[in-house]
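> Build the 3D model from these lines:
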Amino acid sequence: VIDYGFLNIDEVLPPILSRPRHQHVVVTGRHAHPRLIEAADTVTEMRKVKHAFDEGVPAVKGIEF
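Residues are numbered from 1 along each chain as shown. Got it, this is the predicted structure:
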């Protein structure tokens, strides 16, 4: 939602940065803003290795969308 401009990074970061140290925040999605990556404790990037869709199996509600 940040990448699409629905939320501004300047509105998202302050609550994340001011949270109690023991509170965890999980943010998912593609194209993470560089400032969000910088503020994060852990950043993981996932990539598709193999997917049934490549063999013609349609997306499944509740899994892919």
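> Tell me, how many residues neighbour residue 12?
17 (other C-beta atoms under 10 Å). For the C-beta atoms, the positions are set from N, CA and C on the backbone; glycine is no exception.
> Hmm, residue 36 and it touching each other?
Yes - Residue 12 is in contact with residue 36 according to C-beta atoms under 8 Å; the separation is 7.2 Å.
> where exactly do the strands run in the chain?
Counting by DSSP state E, the chain has no strands to list.
> How much space separates the spatially most central residue of it from residue 36?
Among the residues of the chain, the one closest to the centroid is residue 28, at 2.0 Å (C-alpha atoms, centre = their mean). For residue 28, the distance to residue 36 equals 11 Å [C-beta to C-beta, to the nearest Å].
> same deal with residue 13?
7 Å.
> Show me where the chain has its helices.
Using DSSP state H, the helices of the chain run over 9-17, 34-39.
> Looking at those helices, which is nearest to residue 64?
Closest to residue 64 of the helices of the chain, according to C-beta to C-beta: helix 34-39, at 24.3 Å.
> Could you pull out the buried residues of that closest one?
Of all the residues in helix 34-39, those buried under the rule 16 or more other C-beta atoms under 10 Å are 36, 39.
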